[in-house]
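J.: Pasted the sequence and its predicted model underneath.
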Amino acid sequence: MATKPSTSNTTSLSHNNNGLIHTVTGENKENTTLLWFDPSIGSEEDTERTQQELRSINDFVIFQTDLDKCVAYIQSIANEKIFLITSGSKASEILPQIADLSQIDSIFIFCIQKDKYIDLINIYPKIIGIYVELDELSQSIREQVKLVDKQIQAFSFFDQNQKSTKDISKQTAEFLWFQLFNHVIIRLPRNQQAKQQMINLCRQYYRGNRKEIQLINDFEREYRSDDAIRWYTKQSFVYQMINKALRTEDIDMLHTFRFFIGDLSERLVREHERILSSEQQILTFYRGMKIDREECDKMKENQGNLITINGYLSTSRLRTPALTFALKATKRTDVVPVLFHIICDVQKLGNNVVFADVSKFSVFPDEEEVLFDIGVSFKVQSVMKDETYSNLWLIKLETVDESARIVNDYVELNRKQEEEISVTIIFGKLLTSMGKYDQSLNYFQSLLSNESENEDEARIYNNIGSVYRYKALYDDAIKNYQHAIDLMMNTKPGPRIKDSARPIMNMGNVFLDRCELDKALQQYWQSLEITEQYYGKEHLQTAIVLFHIGGVYYEQKDFNRALKYFKQALEIREKRLPSVHIRIAQCLTAIGRVYSDMQELDQALSYHRNALDMFNKLLPSDHNDIASCLINIAIVLHKQQELSTALDYCLSALRIKQIVFGESNSHPQIADTLHRIGSIYEDQKNNTLAQKYYEDSLSMNLKILPNDHPNLLRLKQDVTRLTEKN
């Protein structure tokens, strides 16, 4: 494999355990991966030369020599498009296994005998071509990479009929994410330190890529804030990395690029003023692209709803080039051509929606490009087939400013229900509620740096404590909660007693998680006293504390008291919240668990199913609350001896929890689920699998629980019992 296809059956390079000959260090921070599969690698010099050629086209390049590991690698990719390059002789081995996978965008065959493999094109429609010369192959890859970069676009939808934007529903979480992100990023300081942090990361990522390193050096030496649009439109390293980070919601990467994103947003606002000062009333823009059939179906389903583009949106004033791009020939069968027809009422939208004519900054001014800022929303007016081109879908969008209202509603609800006034902190809490624990932790810690001097440190530490609690890092959680309390009680002109109720209660949550019930109850009573004094007995914050007190009594097997406090919390929430709400569902779940332990199983199942219905309406399908609800139903079914159905519920819950907490990470909820599955297998007389799940649960719990935790003794007894049976 070099400037000519390899014919050797041996390799002069050493293989690592993954069958990789060469890979760029770290994760891919761009949209595309170039993957070259060939067990017959040429010389190391040839491979290095080929790699440099390919990295000049697309930075992330991998060479693979092992078939099984290559297939496994492809299957593991979720956030990039893969361009596969392989030889004609190996195509018949790898293509049947991977050609239909959605992450495979394009396939290139590199071989000496082109005619011998020409029939492969008819079998595998993703094959772009068969090439004998490296230059010819490189040119074809370059063209396809440019095409994919222009095509990749993610969408988020918002159902305008949703009753409460405080509920993080399936279609609204990402929508809110982008709206809030745009509010937050422009508030972060853009100083020389931020610029250097961005440059250092780019140098580290692109090391060895001569072309990009030269551009990074030029950027460091020449860049001025007024150049932001020009650097973005030239589709350099900043374009690639920012768009990938936006599409994948990588808040760590976006925070690193805050310097450039802030500049770009400000320059777009400035150029938008030029449009406002003109006398134009209605403007029409076009965007031609190919989208997945599934994405097209979502567009049809969401006619009348709001949509936001997960990033910047490039459009043209001209219909013809957009149409040409949409209709550009492709061999992919899983995509459809679409032409977006975007209408803007300039004077009506005013400053609420930012878009700018960037043609004078562009390398291709004849395209008359208009760029929309992050977070712009549109109303899907219609989705229909074109009368002239039968395979083309026309999607008519009206640019609207309703996203500003939605964000304001969400922020206002946080202020009322959580007494949170900082948009930057609300954004971090949104990350946490979406299960993005590592990202939210990094985000909150960044707020503590000097760049955010005006933020409420005590509230930030309280939120950091909550993230650590969700990650089951209990000592770190208590440390941060206590620090939040200390800051609140030692402020001037006087202690913030009212605010301290939250971290005091949150410390109780940690003690409850660790089964230190007396300590938990002590914290809750202290928090309840403050809450009732400052908020009143029917406030939502009071309901939260009552709910947690019920949780302690539940763990103490005092079921009547547990029911009393759970139902008090439910009564307040049903008065104060929409009829379908996360916190109502949580009360239903808790009451269902009490009835389950009281052996009132039909009553328990009714509460749990009502809770699950509510969660399914409000949460993403892989949310931890749904997994926990599935387990609660499984527990009742287990007691009713519906073992097969109970097992199905538990296995579904386990899959979700492994996504939420990470399959390789030890977490008590995963450990508890493993134990639950083991107990069902034991009742099914499948002692081998029962022992396996008990042992896995014990191994995980030994890493995370105190040595005197009661669960450890129970698990050891279970393992011993099954060992004796087997």
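T.: Looks like it came in fine.
J.: Excluding sequence neighbours, find me the nearest residue to residue 124.
T.: residue 99 (4.9 Å; C-beta to C-beta, 6 or more residues apart in numbering). No exception for glycine: its C-beta is placed from N, CA and C like everyone else's.
J.: show me the contacts for the one you found.
T.: 107, 124, 126 (C-beta atoms under 8 Å, 6 or more residues apart in numbering).
J.: can you pick the most crowded of those residues?
T.: residue 107 (24 neighbours; other C-beta atoms under 10 Å).
J.: so which helix or strand takes in residue 57?
T.: Per DSSP states H and E: residue 57 is located in neither a helix nor a strand.
J.: Please give the number of neighbouring residues around the nearest residue to it once chain neighbours are set aside.
T.: Using C-beta to C-beta, 6+ apart and skipping residues adjacent in sequence, the residue nearest residue 57 is residue 142, 4.8 Å away. When neighbours are counted by other C-beta under 10 Å, residue 142 registers 14.
J.: Make residue 1 into 818 and carry on from there
T.: With 818 as the first residue, the last one maps to residue 959.
J.: Sticking with residue 959, tell me its helix or strand.
T.: Applying DSSP H and E, one finds residue 959 within helix 951-968.
J.: on contacts alone, who are the packing partners of that helix?
T.: strand 849-854, helix 861-872, strand 898-903, strand 921-927, strand 944-948, strand 1099-1109 (3 or more C-beta pairs under 8 Å, 6 or more residues apart in numbering; DSSP states H and E).
J.: Might you report the residue contacts of the nearest residue to residue 872 once chain neighbours are set aside?
T.: Leaving aside its sequence neighbours, residue 872 sits nearest to residue 1026 (C-beta to C-beta, 6+ apart; 4.8 Å). Residues near residue 1026 by C-beta under 8 Å, 6+ apart: 872, 873, 876.
J.: Please report phi then psi for residue 1026.
T.: Phi and psi for residue 1026, reported as degrees, to the nearest 10, are phi -100, psi 100.
J.: separation between it and residue 1020?
T.: 10 Å (C-beta to C-beta, to the nearest Å).
J.: Same question for residue 1384.
T.: Separation of residue 1384 from residue 1020 (C-beta to C-beta): 60 Å.
J.: Centre of the chain to the helix holding residue 959, how far?
T.: 28 Å (C-alpha atoms, centre = their mean, to the nearest Å).
J.: any idea of the mean pLDDT for that helix?
T.: What helix 951-968 shows for mean pLDDT is 78.
J.: mind giving me a markdown table with the contacts of residue 1026 and columns for distance to residue 1305 and pLDDT?
T.: Shown next, in a markdown table, are the contacts of residue 1026 (distance: C-beta to C-beta, whole Å; pLDDT from 0 to 100):
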| residue | distance to residue 1305 | pLDDT |
| --- | --- | --- |
| 872 | 52 | 79 |
| 873 | 55 | 74 |
| 876 | 47 | 76 |
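J.: How is this protein partitioned into domains?
T.: Listed by automatic domain parsing, the domain ranges of the chain are 837-968, 972-1234, 1260-1388.
J.: Low-confidence regions, the stretch 1018-1167 of the chain specifically.
T.: 1148-1151 (pLDDT under 70).
J.: Any buried residues in the helix or strand where residue 1528 lies, and which?
T.: Here residue 1528 is covered by helix 1527-1542, with elements defined by DSSP H and E. Buried positions in helix 1527-1542, judged by neighbour count with 16 or more other C-beta atoms under 10 Å: 1528, 1532, 1535, 1536, 1539.
J.: Go ahead and confirm the last one touches residue 1508.
T.: In other words, residue 1539. Yes: the pair residue 1539 and residue 1508 passes the contact test of C-beta atoms under 8 Å, sitting 3.8 Å apart.
J.: Let me see the residues that make contact with stretch 1448-1455.
T.: With C-beta under 8 Å, 6+ apart, stretch 1448-1455 has contacts from 1406, 1409-1410, 1413, 1418, 1421-1422, 1425-1426, 1428-1429, 1460, 1462-1464, 1466-1467, 1470, 1489-1490, 1493, 1496-1497, 1500.
J.: Check those for burial and list the buried ones.
T.: Buried, going by 16+ other C-beta under 10 Å: 1406, 1409-1410, 1413, 1421-1422, 1425-1426, 1428-1429, 1463-1464, 1466-1467, 1470, 1489-1490, 1493, 1496-1497, out of the contacts of stretch 1448-1455.
J.: Identify the residues contacting the closest residue to residue 1488 other than its chain neighbours.
T.: In space, and not counting its chain neighbours, residue 1488 is closest to residue 1517: 4.0 Å by C-beta to C-beta, 6+ apart. Applying C-beta under 8 Å, 6+ apart to residue 1517 gives the contacts 1483, 1484, 1485, 1487, 1488, 1491.
J.: any idea how far residue 1310 is from residue 1517?
T.: Taken as C-beta to C-beta, the span from residue 1517 to residue 1310 is 49 Å.
J.: Is there a neighbour count for residue 1522? I'd like the number.
T.: 20.
J.: Could you check the helix or strand harbouring residue 1017 and say which residues are buried?
T.: Residue 1017 belongs to helix 1009-1022 when assigned by DSSP H and E. Residues of helix 1009-1022 classed as buried by neighbour count (16+ other C-beta under 10 Å): 1011, 1012, 1014, 1015, 1016, 1018, 1019, 1022.
J.: Include distance to residue 1145 when you put the helices and strands packed on helix 951-968 into CSV, please.
T.: Shown next, in CSV, are these (distance: least, C-beta to C-beta, whole Å):
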stretch, distance to residue 1145
strand 849-854, 17
helix 861-872, 23
strand 898-903, 16
strand 921-927, 13
strand 944-948, 13
strand 1099-1109, 8
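J.: Comparing those by mean pLDDT, which bottoms out?
T.: Among these, helix 861-872 scores lowest, at a mean of 70.
J.: Show me what secondary structure element comes after that one.
T.: With DSSP H and E, the next secondary element past helix 861-872 is strand 878-881.
J.: Give me the most central residue, the protein.
T.: Note on the chain: the residue nearest the mean C-alpha position is residue 1066, at 5.4 Å, using C-alpha atoms, centre = their mean.
J.: tell me the pLDDT at residue 839?
T.: Reported pLDDT for residue 839: 44.
J.: Tell me where the model's unsure across the stretch 1218-1367 of the chain.
T.: Judged by pLDDT under 70, the stretches of the stretch 1218-1367 of the chain that qualify are 1232-1237, 1267-1272.
J.: Could I get the full set of helices for it?
T.: Per DSSP state H, counting those that start in this stretch, the stretch 1218-1367 of the chain carries helices over the ranges 1219-1234, 1240-1250, 1254-1264, 1274-1287, 1291-1306, 1314-1330, 1334-1351, 1357-1372.
J.: As a check, name the ranges of all helices in the stretch 1018-1167 of the chain.
T.: 1027-1039, 1045-1050, 1054-1065, 1068-1073, 1075-1094, 1110-1118, 1136-1143, 1163-1166.
J.: quick one: buried residues of the shortest one?
T.: Read that as helix 1163-1166. 1163, 1166.
J.: What of the longest one?
T.: Neighbour-count burial for helix 1075-1094, with 16+ other C-beta under 10 Å as criterion, is recorded at 1075-1085, 1088-1089, 1092.
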